[in-house]
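Peer 1: any chance you can model this:
(one chain, ligands or ions: 1)
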Amino acid sequence: MINNLLAHFVHDHGYLLRDKPVEISHAKTLVDGAMSNVVEKTGVTNMLDCANSKPWKKERAKIRKHKTFLSLVNVDLREWIESVVGPFVPVKSTHIAVRFPGEVWDEEWHIDNFVTERRYQPSEFTCIVGVYLADNMETSAGNFTVFPGAHHRVENFNRTNGGLAHFLEHKLSTAREEMKMGKGWEIVARAGTAVLAHRMLPHTVAPNKSEDNRYVVWFRVTARGYDGESAFTNIWESWPGVCSALSLKPHPEAHAAELAKIETLGLGAMVTCGKDYVDVRVRHAHGEPNLFASMVSVRCTSTGYRFHTNGYICKAMHARMVNTMLEDTPGASLFACAEWISRCNYEELIERWVPYTDRPSAGRAQPDRPSAEETSVRWTFHHLHSRSKSAMMRKWAAEMKLDISIIRSKPGQLEISGGKDMVSLFTERFKCLYWNKKPVMVCPIPTHST
Ligand SMILES: O=C(O)CCC(=O)C(=O)O
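Peer 2: Numbering: from 1, shown residues only. The predicted structure is shown next:
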């Protein structure tokens, strides 16, 4: 079984990445061979011209049942997949999805099987599993793009609209009208990474503005005993790995109605409860779905609430978070509390706590302006991968007219320099983050004197 953290991640976001790579070189060779055949037969020089062509479909059809692909899912990834959905029916075919440079999908989102009218309805399945045959490390590069948490919305939609029967009749038209998804999350992954997504998780593909092909082979996995109809209205029916990690305890009576609402709306789930408390993990709807940082735990006791952001807002600020929530939602119930956290934009929250004020030394010294004292601060981290935090840092630096350099890697580094007052404003904001560590170097820069 997967551990609790992973189970909550799948439950809340609807997908999971397996970083430990599987061996993909043979599979990649097969796909490259199929592409070469197309080029040879059609004489095209740009595969984009062949993206939806018959020759490309034909070449893929020739290899889609090749055991090299099937053993990825049925052998190499079997244990991992079973840890989430239990034993599954051996997969017999794959969908080879290469997204060529320049390729653009014009659809907003979909769940599989209902995209187009078909002569026959493909059978239902529990999840899709994709294996990356090449690095896909940048965004806007044909990325598999998900709408984290939206599987809960689809479940709700299904409960009121008749589930599978509705989709069979209307395809995605009503659902798309009713469920606007906003911006998706473009997954980046290295070659050999596997991604597993819930069957009900809306997804799409980002345009490929890069110069590289994006290669993923997709498998539809069906858990043994899966009931493709009732799973539309009870989406965890065949997910023992997730169910076992989610609370086994019945919801405490005092919070039962609120917890049910929190869980059906996909805001989060109860983790555990005791005599006088209930712990809920809330899905943070802003920023990037990160295994740790995108979950917030809330402890609700008879005396109040306690938050824990699992690596985003620093511990010392958690109590302030509760106070801000209570300012916004006086007399908050557990549900209101979960809703506030889920919607809370941490960037705006920190800016609210430490507002920008045009302090005298804003920015670098200008030749035409007498300079204030300048300084430079550098932080180093064990790792720095977060795209959203880096973007936030750049935004703050731009606002404060500071120079910034970020190394997103392992180890990671952040350095800012400019007017002393602005550097200290930046530092005050920075201190609100979980990264709240002391700068390893603070070096005053000699003031520019012209
Ligand atoms: O190419 C991809 O990554 C996505 C493919 C997809 O959405 C699908 O096959 O349903």
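Peer 1: is it true that residue 429 touches residue 351?
Peer 2: Yes. Counting by Cβ atoms under 8 Å, residue 351 is a contact partner of residue 429 at 7.3 Å. All C-beta spots, glycine's among them, are computed from the backbone N, C-alpha and C.
Peer 1: could you chop the chain up by domain?
Peer 2: Here the chain is described, according to automatic domain parsing, as comprising the domains 4-232, 249-344, 363-449.
Peer 1: nearest to the ligand, out of those domains?
Peer 2: Closest to the ligand of those, according to Cβ to the nearest ligand atom: domain 4-232, at 3.5 Å.
Peer 1: near the ligand, which residues of the stretch 51-200 of the chain show up?
Peer 2: For the stretch 51-200 of the chain, the contact set with the ligand under Cβ under 6 Å from any ligand atom comprises 95, 97, 99, 112, 144.
Peer 1: do the stretch 201-350 of the chain as well
Peer 2: 203, 205, 216, 218.
Peer 1: count of neighbours near the residue lying closest to the second one once chain neighbours are set aside?
Peer 2: Setting aside the residues directly before and after it, residue 205 is nearest to residue 105 in space (Cβ to Cβ, 6 or more residues apart in numbering), at 4.6 Å. Summarising burial for residue 105: neighbours were counted as other Cβ atoms under 10 Å, giving 15.
Peer 1: show the backbone phi and psi for residue 105.
Peer 2: phi -90, psi 130 (degrees, to the nearest 10).
Peer 1: doesn't residue 204 make contact with it?
Peer 2: Yes. The pair formed by residue 105 and residue 204 meets the contact definition of Cβ under 8 Å, at 6.0 Å.
Peer 1: as CSV, could you dump the C-alpha coordinates of stretch 388-396?
Peer 2: Extracted in CSV, the C-alpha atoms of stretch 388-396 (Å, rounded to 0.1, in the frame of the first residue of the first chain):
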residue,chain,number,x,y,z
SER,A,388,5.6,28.9,-8.1
LYS,A,389,7.8,30.0,-5.3
SER,A,390,10.5,31.1,-7.8
ALA,A,391,7.9,33.1,-9.7
MET,A,392,6.8,34.7,-6.5
MET,A,393,10.3,35.7,-5.6
ARG,A,394,10.9,37.2,-9.0
LYS,A,395,7.6,39.1,-8.7
TRP,A,396,8.5,40.5,-5.3
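Peer 1: can you give me how far it is from the chain middle?
Peer 2: Centroid displacement of stretch 388-396 relative to its chain, using Cα atoms, centre = their mean, to the nearest Å, is 18 Å.
Peer 1: correct me, but residue 63 touches residue 95?
Peer 2: No. If you go by Cβ under 8 Å, residue 63 and residue 95 don't touch, sitting 11.5 Å apart.
Peer 1: which of the two has more residues huddled nearby?
Peer 2: Using other Cβ under 10 Å as the criterion, residue 63 and residue 95 rank with residue 63 on top: 18 against 15.
Peer 1: and the helices in the stretch 301-450 of the chain?
Peer 2: For the stretch 301-450 of the chain, helices defined by DSSP state H, counting those that start in this stretch occupy the ranges 318-328, 334-343, 346-353, 387-399, 420-431.
Peer 1: which ones are touching the residue nearest to residue 228 when sequence neighbours are not counted?
Peer 2: Among residues not flanking residue 228 along the chain, residue 124 sits closest, at 2.5 Å (Cβ to Cβ, 6+ apart). By Cβ atoms under 8 Å, 6 or more residues apart in numbering, the contact list for residue 124 reads 113, 164, 199, 222, 226, 228-229, 231.
Peer 1: would you check how far apart residue 124 and residue 168 are?
Peer 2: Residue 124 sits at a distance of 11 Å from residue 168 (criterion: Cβ to Cβ, to the nearest Å).
Peer 1: what sits against the residue nearest to residue 205?
Peer 2: Neighbour list for residue 105: 204-207 [criterion: Cβ under 8 Å, 6+ apart].
Peer 1: mind redoing it with 10 Å?
Peer 2: Neighbouring residues of residue 105 by Cβ atoms under 10 Å, 6 or more residues apart in numbering: 99, 142, 145, 204-208.
Peer 1: now residue 204
Peer 2: Listed by Cβ under 10 Å, 6+ apart, the contact partners of residue 204 are 105-110, 143-147, 181, 184, 186.
Peer 1: what does residue 147 give?
Peer 2: Contact analysis of residue 147 by Cβ under 10 Å, 6+ apart lists 13-15, 108-109, 153-154, 179, 181-185, 201-204.
Peer 1: ok so, going back, are any of the contacts of residue 124 buried, and if so which?
Peer 2: 113, 164, 199, 222, 226, 231 (16 or more other Cβ atoms under 10 Å).
Peer 1: now, these that are in strands?
Peer 2: Within the buried ones among the contacts of residue 124, no residue falls in strands by DSSP state E.
Peer 1: pLDDT added to these, as a markdown table?
Peer 2: Putting the buried ones among the contacts of residue 124 into a markdown table (pLDDT from 0 to 100) gives the following:
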| residue | pLDDT |
| --- | --- |
| 113 | 93 |
| 164 | 94 |
| 199 | 97 |
| 222 | 97 |
| 226 | 93 |
| 231 | 94 |
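Peer 1: so which of the residues you listed is the closest to residue 75?
Peer 2: If you rank those by distance to residue 75 using Cβ to Cβ, residue 222 comes first, at 17.0 Å.
Peer 1: strands of the stretch 201-350 of the chain, residue ranges please.
Peer 2: With DSSP state E, counting those that start in this stretch as the criterion, the stretch 201-350 of the chain has strands at 203-205, 214-221, 268-274, 277-283, 295-301, 304-308.
Peer 1: can you lay out the ones you listed as a markdown table showing mean pLDDT?
Peer 2: Converted to a markdown table, those look like this (pLDDT from 0 to 100):
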| stretch | mean pLDDT |
| --- | --- |
| strand 203-205 | 97 |
| strand 214-221 | 98 |
| strand 268-274 | 87 |
| strand 277-283 | 90 |
| strand 295-301 | 87 |
| strand 304-308 | 91 |
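Peer 1: got any ranges where the stretch 201-350 of the chain has weak pLDDT?
Peer 2: Residue ranges of the stretch 201-350 of the chain with pLDDT under 70: 247-248, 290-294.
Peer 1: now the angle from the helix or strand harbouring residue 36 to strand 214-221?
Peer 2: Using DSSP states H and E, residue 36 falls within helix 25-42. Our comparison of helix 25-42 with strand 214-221, counting by axes from the mean of the first three to the mean of the last three Cα atoms, to 10 degrees, yields an angle of 110 degrees.
Peer 1: ok, and what's touching the helix or strand just after helix 25-42?
Peer 2: Toward the C-terminal end, the helix or strand that comes next after helix 25-42 (DSSP H and E) is helix 54-63. Residues outside helix 54-63 that contact it (Cβ under 10 Å, 6+ apart): 27, 30-31, 33-42, 44, 47, 49-50, 53, 69, 93-98, 100, 217.
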